[in-house]
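S.K.: kindly generate the corresponding structure for this input.
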Amino acid sequence: MRPGHLFASMRGLTLSALIAGGLSLSITPASEAFAQVTTSDASLDALPQPDKAAPPHKAHSAHSHHSDVSHSAKNAGKKSSTAPDKQAATASTPAHKAPAATIPAAPPPVPELTPPPQVEIHPFPMPADPAIVDKAEGAVIDIPGGTRITFAADSADLNAATHAAVVKFADSLKSDPSARAILDISASGSANDESRPRRLALMRGLAARAILMNAGIPSTRIYVRVGSPVEKPSPETPADRVDMRLSDALP
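M.R.: Residues are numbered from 1 along each chain as shown. Sure thing, here's the model as predicted:
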């Protein structure tokens, strides 16, 4: 029996393989703590031998791990060794300069805009110029910042004087294009029936407005304001009147 050959062969064998190879195993009681194995060389030589060409899996894993560690260490060394070189190269490389501004020889051509289509304009219908009634009652009174014209009770007719006063007021509007015409109109009446006096006052205001428009003043520059009926007129504030002022002359 060759003990060295026996233990060398048993490294890759299992217990079932030893029994199949004709080995006899005798175990002494546990108190003596040893075993005796007897075999023959012919039986061991007949057993299949382990593949010596393929290295054990553990050895391969350890070798692979060692290679990975070595490779990582080499890469770390390369990175640490090349980092200062890159920093030095970056510090020595000059910053990129912006290209110099170029001025064109001539300005760009003026774009040609397509003219808008021609839209037909319908002028606002001009109101008829109120007729002059010679027998109509009325007077022309100067007030702060404008002119006042009066009417007879229950009438919106203008005589020659009151009509001319409205035309003269239109001339003052033409001399100041930024000004607006403010027409404050009123009529006598009772507070219990405001409808009739308001309608009469509006007729007087529209008559003055028509004279101004026929004199060349646009309607957008004329503002008509209807006041409340006047129950108790006085010489200072007559009930049936139209006060004409410029917008910049208002108190």
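S.K.: quick one: low-confidence ranges for this structure?
M.R.: Within the chain, the stretches with pLDDT under 70 are 1-94, 121-122, 249-251.
S.K.: in the chain, which spans are helices?
M.R.: For the chain, the helices defined by DSSP state H occupy 3-9, 15-20, 41-46, 57-92, 160-175, 195-214.
S.K.: now do the last one against helix 160-175, angle only.
M.R.: Spelled out, it's helix 195-214. 60 degrees (axes from the mean of the first three to the mean of the last three CA atoms, to 10 degrees).
S.K.: which neighbouring elements make contact with helix 195-214?
M.R.: helix 160-175, strand 181-186, strand 222-226, strand 241-246 (3 or more CB pairs under 8 Å, 6 or more residues apart in numbering; DSSP states H and E). Where C-beta positions appear, they are placed from N, C-alpha and C, glycine not excepted.
S.K.: buried ones in it, by neighbour count?
M.R.: 197-198, 200-201, 203-205, 207-214 (16 or more other CB atoms under 10 Å).
S.K.: let's see it as PDB, backbone CA atoms only.
M.R.: Only the C-alpha atoms of helix 195-214 are listed here, as PDB (Å, rounded to 0.1, in the frame of the first residue of the first chain):
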ATOM      1  CA  SER A 195     -89.300 112.900 -19.000                       C
ATOM      2  CA  ARG A 196     -90.700 115.900 -20.800                       C
ATOM      3  CA  PRO A 197     -88.100 118.500 -19.700                       C
ATOM      4  CA  ARG A 198     -85.300 116.100 -20.400                       C
ATOM      5  CA  ARG A 199     -86.500 115.500 -23.900                       C
ATOM      6  CA  LEU A 200     -86.900 119.200 -24.600                       C
ATOM      7  CA  ALA A 201     -83.400 119.900 -23.200                       C
ATOM      8  CA  LEU A 202     -82.000 117.100 -25.500                       C
ATOM      9  CA  MET A 203     -83.600 118.700 -28.500                       C
ATOM     10  CA  ARG A 204     -81.900 122.000 -27.700                       C
ATOM     11  CA  GLY A 205     -78.500 120.300 -27.300                       C
ATOM     12  CA  LEU A 206     -78.800 118.400 -30.500                       C
ATOM     13  CA  ALA A 207     -79.700 121.600 -32.400                       C
ATOM     14  CA  ALA A 208     -76.500 123.200 -31.100                       C
ATOM     15  CA  ARG A 209     -74.500 120.100 -31.900                       C
ATOM     16  CA  ALA A 210     -75.800 120.100 -35.500                       C
ATOM     17  CA  ILE A 211     -74.600 123.700 -36.000                       C
ATOM     18  CA  LEU A 212     -71.200 122.800 -34.700                       C
ATOM     19  CA  MET A 213     -70.900 119.800 -36.900                       C
ATOM     20  CA  ASN A 214     -72.000 121.700 -40.000                       C
END
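S.K.: need the contact partners of that helix.
M.R.: With contact meaning CB atoms under 8 Å, 6 or more residues apart in numbering, helix 195-214 is reached by 126-130, 149, 151, 154, 156, 158, 163, 166-167, 169-170, 173, 181, 183, 185-190, 219, 222, 224, 226-227, 229-230, 240, 242, 244.
S.K.: and those residues, which are buried?
M.R.: 130, 149, 151, 156, 158, 163, 166, 169-170, 173, 181, 183, 185-189, 222, 224, 226, 229-230, 240, 242, 244.
S.K.: could you chop the protein up by domain?
M.R.: Domain segmentation of the chain under automatic domain parsing yields 3-46, 140-249.
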